[in-house]
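Colleague: Sequence plus predicted model, see below.
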Amino acid sequence: MIRRKRHLPDGRVREFDALAITAETVCLNSTKATLRSADVDNFTSEISAFRELFPEYDVLSLIGILASLAVEDSVLRYAERHGFLVIAVGDQPMEIKNRPEFEPRRWQG
């Protein structure tokens, strides 16, 4: 699903860029033109907000995916330390930028 929204009782609206759901996992994506360290920090709070707004997915583990047109190596390593998959333009239109041995964090509900 692209652009998943949830309306809060107080009138606020929270929107998430993209969401993929399997039998065992929710993949939550945040897309930025250029990924920065602050985006990595903000995505952690987006995951918490997602869990509050979509309790129907609490039984599933959640993987965070950061997508970007460009990502510097230092920001990629920072995102890895936070447990996020990173995809960006490379030799292919979009490719996983994490190290081959990287295992993404699975947030539990």
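Modeller: Perfect, thanks for sending it.

Colleague: Where does Glu15 fall, secondary structure wise?
Modeller: Per DSSP states H and E, Glu15 falls inside strand 13-21.

Colleague: Glu52 too?
Modeller: Judged by DSSP H and E, Glu52 forms part of helix 37-53.

Colleague: ok, now Asn29?
Modeller: Following DSSP H and E, one finds Asn29 within strand 25-34.

Colleague: Check which residues of stretch 41-54 are buried.
Modeller: For stretch 41-54, burial by neighbour count (16 or more other CB atoms under 10 Å) applies to 43, 46-47, 50-51, 53-54. C-beta coordinates here come from the backbone N, C-alpha and C atoms, glycine included.

Colleague: Distance from it to the middle of the chain?
Modeller: 9 Å (CA atoms, centre = their mean, to the nearest Å).

Colleague: can you list contacts of that stretch?
Modeller: Stretch 41-54 is contacted from outside by 6, 8, 14, 16, 28, 30, 57-58, 62, 64, 66, 82, 84, 107, 109, using CB atoms under 8 Å, 6 or more residues apart in numbering.

Colleague: still on that earlier bit, mind putting the buried residues of stretch 41-54 into CSV with distance to Val71?
Modeller: Below are the buried residues of stretch 41-54 laid out as CSV (distance: CB to CB, whole Å):
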residue, distance to Val71
Phe43, 13
Glu46, 18
Ile47, 19
Phe50, 22
Arg51, 25
Leu53, 27
Phe54, 27
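
Colleague: Looking at these, which is nearest Ala23?
Modeller: Phe54 (16.4 Å; CB to CB).

Colleague: tell me the pLDDT at that closest one?
Modeller: The score at Phe54 is 86. That number is its pLDDT.

Colleague: and the gap between Arg77 and Phe43?
Modeller: Distance of Arg77 to Phe43, given as CB to CB, to the nearest Å: 15 Å.

Colleague: which intervals of the protein have sub-threshold pLDDT?
Modeller: 1-6 (pLDDT under 70).

Colleague: Report how many residues lie close to Val89.
Modeller: Neighbourhood size, Val89 [other CB atoms under 10 Å]: 14.
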